[in-house]
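Engineer: missing the sequence, but the structure's below:
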């Protein structure tokens, strides 16, 4: 660990000089990158320097104790050592935590995709419940949410829905929600009182910026068509709906929520950018299979990550084995306890790599 910290401190000093260099300052794009890197490692360098001071203090006290001082002075030294030792342990733990690699996307907004899975109308209704849960959570956090594209069933269920959540750290909190969510409950249409099991899939994508994804306009096929409502009836008399096909990957995104073709195109491009970025992230992660084992879950979209059991009023996250008996509050957006547990587990696994 000390070798890593020494390297970071050396890099910090290099950056100190670089961001003051007039030649680098004149290149604003490069200068901004270096300033961000400098800010990212400043805290760990400051903690490391404090840690070294404490170690030096402990070493000085131990050296004086080896000289067998008189009882009164020894008592004073013992007291000082008793105060320094816990501080050393606290700083060590802090350094280990700070050494955990940060996800560069953690500070970004997110685009959430929800799709009804197995279970027909009940699965779609559950998808709508999840949509409400996440938007209520966003409200609790003081974040803003906006529907980008939606395809609802006649009874208000979700066939497919894309919405954006804008807020500091949104991705860092919600990224563990990607996967298959399972619900066990008695549908309102069930006359026999039997419990049905249905699923909905959730994908949490970091919002892509222009620097994240480069799209060649020649790789896009853009079609416009007339928007339609439930059952296929026309809801607009102009060709305002937009369908964008990314030819190299075959990804297709459509948006018809706005009356303006331009706005629909902007929203569709946001979704396409995020999905292309997510594909790039998944491909990169696939190269590091061992590293992925140290994350919470595998990130595999086919994995059943959580069960919502209505008869028992419980939610169980299968990745960490945590069960909460507060289903009503959970679906109203009170999900911090679960998210905190997932983050704690992820950090604990990452610490193993730091200490290795």
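Structural biologist: Nice, thanks for sending it over. If you're wondering where the values come from, they're calculated on a predicted model, not measured in any experiment.
Engineer: Where does the prediction get shaky in the stretch 201-350 of the chain?
Structural biologist: 209-213, 227-239, 284-303 (pLDDT under 70).
Engineer: mind redoing it with 80?
Structural biologist: Residues of the stretch 201-350 of the chain meeting the criterion pLDDT under 80: 208-214, 226-240, 257-259, 280-303, 348-350.
Engineer: can you map out the helices along the stretch 151-300 of the chain?
Structural biologist: 170-174, 261-286, 289-293 (DSSP state H, counting those that start in this stretch).
Engineer: from these, which stretch is densest packed?
Structural biologist: helix 170-174 (a mean of 23; mean count of other C-beta atoms under 10 Å). To be clear about C-beta, it is placed using only N, CA and C from the backbone, and glycine gets the same treatment.
Engineer: Can you show me the strands along the stretch 51-200 of the chain?
Structural biologist: Under the criterion DSSP state E, counting those that start in this stretch, strands of the stretch 51-200 of the chain are mapped to 110-116, 144-152, 158-166, 179-185, 196-206.
Engineer: Mind checking those for the one nearest to residue 256?
Structural biologist: Counting by C-beta to C-beta, residue 256 lies closest to strand 144-152 out of those; the figure is 7.5 Å.
Engineer: now that closest one against helix 261-286, angle please.
Structural biologist: 100 degrees (axes from the mean of the first three to the mean of the last three C-alpha atoms, to 10 degrees).
Engineer: could you give the angle of strand 144-152 to strand 158-166?
Structural biologist: Using the same axes, to 10 degrees: strand 144-152 against strand 158-166 is 170 degrees.
Engineer: Parallel or antiparallel, which strands does strand 144-152 pair with?
Structural biologist: strand 158-166 (antiparallel) (DSSP bridges).
Engineer: Residue 317: which of the helices of the stretch 151-300 of the chain is closest?
Structural biologist: Short answer: helix 170-174, nearest of the helices of the stretch 151-300 of the chain by C-beta to C-beta, at 14.0 Å.
Engineer: Can you list the neighbours in contact with the closest one?
Structural biologist: Outside helix 170-174, the residues that touch it by C-beta atoms under 8 Å, 6 or more residues apart in numbering are 103, 105-110, 112, 134, 138, 141, 143, 165, 204, 206-207, 339, 343.
Engineer: thought residue 116 was touching residue 157?
Structural biologist: Yes - if you go by C-beta atoms under 8 Å, residue 116 and residue 157 touch, sitting 6.2 Å apart.
Engineer: Who has more neighbours out of the two?
Structural biologist: Between residue 116 and residue 157, residue 116 has the larger neighbour count (other C-beta atoms under 10 Å), namely 27 against 22.
Engineer: now the more buried one: how far from residue 275?
Structural biologist: 18 Å (C-beta to C-beta, to the nearest Å).
Engineer: Residue 334 too?
Structural biologist: 29 Å.
Engineer: Make sure I have this right: residue 334 is in a strand.
Structural biologist: No - assignment of residue 334 by DSSP: H, G, I helix; E, B strand; the rest coil gives coil, placing it outside any strand.
Engineer: What is the burial count for it?
Structural biologist: 16.
Engineer: where's it relative to residue 137, distance?
Structural biologist: Following C-beta to C-beta, the distance that separates residue 334 from residue 137 is 8 Å.
Engineer: my read: residue 135 touches residue 146, true?
Structural biologist: No - using C-beta under 8 Å, residue 135 makes no contact with residue 146, being 9.7 Å away.
Engineer: shared neighbours of those two, anything?
Structural biologist: Contacts common to residue 135 and residue 146, judged by C-beta under 8 Å, 6+ apart, are residue 163.
Engineer: With neighbour numbers in mind, choose between those two.
Structural biologist: Between residue 135 and residue 146, counted using other C-beta under 10 Å, the more crowded position is residue 135 (18 against 15).
Engineer: Can you tell me the closest non-neighbouring residue to the more buried one?
Structural biologist: In space, and not counting its chain neighbours, residue 135 is closest to residue 145: 4.8 Å by C-beta to C-beta, 6 or more residues apart in numbering.
Engineer: count of neighbours near the one you found?
Structural biologist: 19.
Engineer: Any idea which of the strands of the stretch 51-200 of the chain gets closest to residue 281?
Structural biologist: Comparing the strands of the stretch 51-200 of the chain by C-beta to C-beta, strand 196-206 comes nearest, at 7.8 Å.
Engineer: Sheet-wise, list the partners of the closest one with their directions.
Structural biologist: Strand 196-206 is paired, per DSSP bridges, with strand 110-116 (antiparallel), strand 179-185 (antiparallel).
Engineer: mind checking how far residue 66 is from residue 58?
Structural biologist: From residue 66 to residue 58 the distance is 13 Å (C-beta to C-beta).
Engineer: More neighbours: the two, which one.
Structural biologist: residue 58 (16 against 8).
Engineer: Test my guess that that one contacts residue 87.
Structural biologist: No - applying C-beta under 8 Å as the test, residue 58 and residue 87 come out as separate, 9.2 Å apart.
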